[in-house]
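A.B. asks: would you be able to build a 3D model of this:
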Amino acid sequence: MNSIEGSPVILYQDAYLLAVDKPCGIAVQADRTGDPCLLDQVKALFPKEDIGSPHRIDRPVGGLVVFTRNAEALRGMDALYRTQAVDKTYLAIVEGATPPKGECRHVLAHTAGQRKTRMAEEPGIGREAVLHYITKVVGERFSLLEVKPEGGAFHQIRAQLAAIGHPIKGDVKYGARRGEKDRGIALHAWKMRFRHPVTDHLLELEAPPPVRSIWPALLALQK
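C.D. replies: The predicted structure follows:
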């Protein structure tokens with residue numbers, strides 16, 4: 001595996017794609033803060049290649065992010081995301097005790113320039129978002145969930161879990177009681193499954209669960 005000091009681990013690579021384990025707290029692409037971003041780190045590892053970034057996860061979220069190594073792969077991955085042909089699974093630690101499983105359906109609205117998603121109340125505003133979850137562990141104050149969103153609306157998982165009364169641990173923007181020391185939130189991009197955009201082989205990628213905060217304690221309680 002390739003790495004440079006301060007850079008994330010590369011979990012998978014071939015001639016077209018890279019799968020990277022993003023630490024929480026770093027943006028995937030450059031933003032208005034001017035802070036170093038994950039894309040720049042990956043470009044530093046492969047300076048002679050045309051690295052593309054077909055998708056992103058939120059800055060406080062850690063886990064699996066896919067980059068492309070040439071224009072052909074970027075076009076292919078863009079098409080997969082556009083047609084919702086990438087199956088994504090997340091792990092989340094949320095406040096409270098959740099049912100064994102559940103489905104969330106909300107109409108979400110995101111106003112340009114605002115960094116938050118809300119439940120839409122006005123007719124014709126927003127779009128429906130669907131999220132499925134399975135409760136893996138119920139602890140004293142928090143539950144560990146396996147989460148599968150349909151589509152990829154802005155802040156979808158964060159907003160929908162908060163809307164059912166179970167905000168993600170550390171996500172004060174969506175109602176969590178307190179933040180995390182590292183400014184991350186307890187949401188992890190865990191797995192992806194899709195047909196390779198160039199070779200058409202089935203790819204199943206996975207980023208190991210976090211070892212920070214209460215992640216190890218809850219993961220150890222799984223049956």
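A.B. asks: show me the strands in the chain, by range?
C.D. replies: Using DSSP state E, the strands of the chain run over 9-13, 17-22, 62-68, 87-95, 101-110, 117-119, 127-138, 142-150, 187-195, 202-206.
A.B. asks: and among the ones you listed, the most buried is which?
C.D. replies: Comparing these by mean neighbour count (mean count of other Cβ atoms under 10 Å), strand 62-68 comes out on top with a mean of 25. For the C-beta atoms, the positions are set from N, CA and C on the backbone; glycine is no exception.
A.B. asks: so which elements touch that one?
C.D. replies: strand 17-22, helix 38-45, helix 71-82, strand 187-195, strand 202-206 (3 or more Cβ pairs under 8 Å, 6 or more residues apart in numbering; DSSP states H and E).
A.B. asks: how about TSV for those, with mean pLDDT and distance to residue 166 added?
C.D. replies: Below are those laid out as TSV (pLDDT from 0 to 100; distance: least, Cβ to Cβ, whole Å):
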stretch	mean pLDDT	distance to residue 166
strand 17-22	96	24
helix 38-45	94	28
helix 71-82	97	27
strand 187-195	98	12
strand 202-206	98	24
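A.B. asks: quick one: closest of those to residue 60.
C.D. replies: Residue 60 sits nearest to strand 187-195 of all the helices and strands packed on strand 62-68, at 7.7 Å, using Cβ to Cβ.
A.B. asks: who touches the closest one?
C.D. replies: 19, 22, 57-58, 60-66, 80, 85-92, 146, 157-158, 168, 171, 201-207, 209-210, 215 (Cβ atoms under 8 Å, 6 or more residues apart in numbering).
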